[in-house]
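> Return a 3D structure for these sequence lines:
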Amino acid sequence: MAVGHLLAEVMYQLSMPWVTSGDPAQAAIEKNPMLAALLPQLQKAHAAIEAVLGQEDANQQALSQQEAEIDNKHDTMVRGIYGSLTMLAVLSPQKDELLSLRNWLFPEGLLHTQKSYRGEAGHAALVASHLDAIMEARLRAVSLHDQNLFDLVQQWFAAAKQLGDLEDERARLAAASSTASEVRAARACWARTVNLFVANAAAADLDAETDTLLFSALRAAERAAATRARPHPAPAPAPQPQA
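As a prediction, the model looks like this:
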């Protein structure tokens, strides 16, 4: 289980039940000698993550807020464009044309709203790089109230580019931060400890109820992180006009 790329905040939330006295998760750990032996290491790793939380400076906090606002705009544009083309296709004799445009823009459907900020920016940039004069004319031909589809796609591109620019700025701030290495070290320690914990649990042959209690949240977080981080596919060739 690859847990090293989880955010520190997520790591903290996941290990909290394991190290909290009186929590059913910790009680289950203490009942199993193979898991109980790792409890001090889990507590140490959890404490290390707790120590680095909140160390973002004011500039990084402002970036986080700005990114959240821009991401909301990005996701609204994606859902609006995707949903509009879907609904228009229900009533239009050009159903196949509208759906092919929709799928060219968003080949993974609304999963595009669940990508990382960098993933959202990268996908939009990739689509923009394949947008030629013919495709622009095709998009402009689709009217959506007082705008056409090309106008809306340009707004989506702009929001995605802002996210990419903000991620670049975040990377520059992190590189200059004296606490960045501390955060990386704490996350690495947590990941090593949790991987060992998971391995010991597998060897301990836990019953299904205990396994779910201890690891269901971890597995869900890992699946969500993997979904957001997976590479975005190149857009399919531009659909041809319908005869």
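
> and after the lengthiest helix in the chain, which helix or strand comes next?
For the chain, the helix that runs over the most residues, judged by DSSP state H, is helix 58-91. Sequence-wise, the next helix or strand downstream of helix 58-91 (DSSP states H and E) is helix 95-105.

> Hey, what's the angle from that following helix to helix 58-91? Just curious.
Interaxial angle of helix 95-105 relative to helix 58-91 (axes from the mean of the first three to the mean of the last three CA atoms, to 10 degrees): 160 degrees.

> now for the lowest-mean-pLDDT helix or strand in the chain, which elements pack on it?
When each helix and strand of the chain is scored by mean pLDDT, DSSP states H and E, helix 208-229 comes last, with a mean of 85. Where contact means 3 or more CB pairs under 8 Å, 6 or more residues apart in numbering; DSSP states H and E, helix 208-229 is packed against helix 8-19, helix 24-31, helix 180-204. Quick note: C-beta positions are derived from backbone N, CA and C, even for glycine.

> could I have that helix exported to PDB, CA atoms only?
Below are the C-alpha coordinates for helix 208-229, written out as PDB (Å, rounded to 0.1, in the frame of the first residue of the first chain):
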ATOM      1  CA  ALA A 208     -12.700  -9.100   8.900                       C
ATOM      2  CA  GLU A 209     -14.300  -6.800  11.500                       C
ATOM      3  CA  THR A 210     -10.900  -5.800  13.000                       C
ATOM      4  CA  ASP A 211      -9.400  -5.300   9.600                       C
ATOM      5  CA  THR A 212     -12.200  -3.000   8.600                       C
ATOM      6  CA  LEU A 213     -12.000  -1.100  11.800                       C
ATOM      7  CA  LEU A 214      -8.200  -0.400  11.400                       C
ATOM      8  CA  PHE A 215      -7.700   0.000   7.700                       C
ATOM      9  CA  SER A 216     -10.900   0.900   5.800                       C
ATOM     10  CA  ALA A 217     -10.300   4.600   6.100                       C
ATOM     11  CA  LEU A 218      -6.600   4.200   5.100                       C
ATOM     12  CA  ARG A 219      -7.600   2.200   2.000                       C
ATOM     13  CA  ALA A 220     -10.300   4.700   1.000                       C
ATOM     14  CA  ALA A 221      -7.700   7.600   1.400                       C
ATOM     15  CA  GLU A 222      -5.200   5.700  -0.700                       C
ATOM     16  CA  ARG A 223      -7.800   5.000  -3.500                       C
ATOM     17  CA  ALA A 224      -8.800   8.700  -3.500                       C
ATOM     18  CA  ALA A 225      -5.200   9.900  -3.700                       C
ATOM     19  CA  ALA A 226      -4.400   7.400  -6.500                       C
ATOM     20  CA  THR A 227      -7.400   8.500  -8.500                       C
ATOM     21  CA  ARG A 228      -6.400  12.200  -8.300                       C
ATOM     22  CA  ALA A 229      -2.800  11.500  -9.100                       C
END
